[in-house]
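Enquirer: this one's sequence-less:
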């Protein structure tokens, strides 16, 4: 079976794979997806969801102001089965954590720089 290049491009990102894992078996609101990924902004999560939606890999349901997302497992074809096997693997979870940390932008949480002021010594 041939795999669409758009599917492979969409699942190449560790963030998008993590979003797919979250919505693989259940529908989640965008806010809940963001809450599961506290190291990125809501806007960044929204952009990833849009990329997955544009690739045809997620369904989006609107309910008033909220949007709910669910993975379209059949759209992933054989890639979906490979993803499920990866998600069950403990080593993969460690790899994902490392990839997410490496791809994070901005200051690291909990790492504050101390600014020291040089005191002038009057001689």
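Expert: Everything's here; your move. Bear in mind that the values here come from a model prediction, so they are computed numbers and not experimental data.

Enquirer: what comes up buried for stretch 23-32?
Expert: 23, 28, 30 (16 or more other Cβ atoms under 10 Å). All C-beta spots, glycine's among them, are computed from the backbone N, C-alpha and C.

Enquirer: narrow these to those in helices?
Expert: residue 30 (DSSP state H).

Enquirer: so can I have JSON lines of the buried residues of stretch 23-32 showing pLDDT?
Expert: As requested, the buried residues of stretch 23-32 are exported to JSON lines (pLDDT from 0 to 100):
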{"residue": "23", "pLDDT": "92"}
{"residue": "28", "pLDDT": "95"}
{"residue": "30", "pLDDT": "93"}
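
Enquirer: so for stretch 75-94, first residue to last residue, what's the gap.
Expert: 27 Å (Cα to Cα, to the nearest Å).

Enquirer: kindly confirm my reading that residue 67 forms part of a strand.
Expert: Yes: residue assignment for residue 67, taken from DSSP: H, G, I helix; E, B strand; the rest coil, places it within a strand.

Enquirer: surely it is in contact with residue 58?
Expert: No: using Cβ atoms under 8 Å, residue 67 is not in contact with residue 58, being 10.3 Å away.

Enquirer: closest to residue 99 among the buried residues of stretch 23-32?
Expert: Distance to residue 99 across the buried residues of stretch 23-32 (Cβ to Cβ) is lowest for residue 23, with 18.9 Å.

Enquirer: contacts only, for that closest one.
Expert: With contact taken as Cβ atoms under 8 Å, 6 or more residues apart in numbering, residue 23 is in contact with 33, 58, 69, 70, 71.

Enquirer: go ahead and confirm the last one touches residue 20.
Expert: Yes: between residue 71 and residue 20 there is a contact under Cβ under 8 Å: 5.3 Å.

Enquirer: which neighbours do the two share?
Expert: Counting by Cβ under 8 Å, 6+ apart, the residues touching both residue 71 and residue 20 are 57, 58.

Enquirer: circling back to that earlier point, residue 67 and residue 58 - which one has more neighbours?
Expert: Neighbour comparison, residue 67 and residue 58: the larger count goes to residue 58, with 23 against 17 (by other Cβ atoms under 10 Å).
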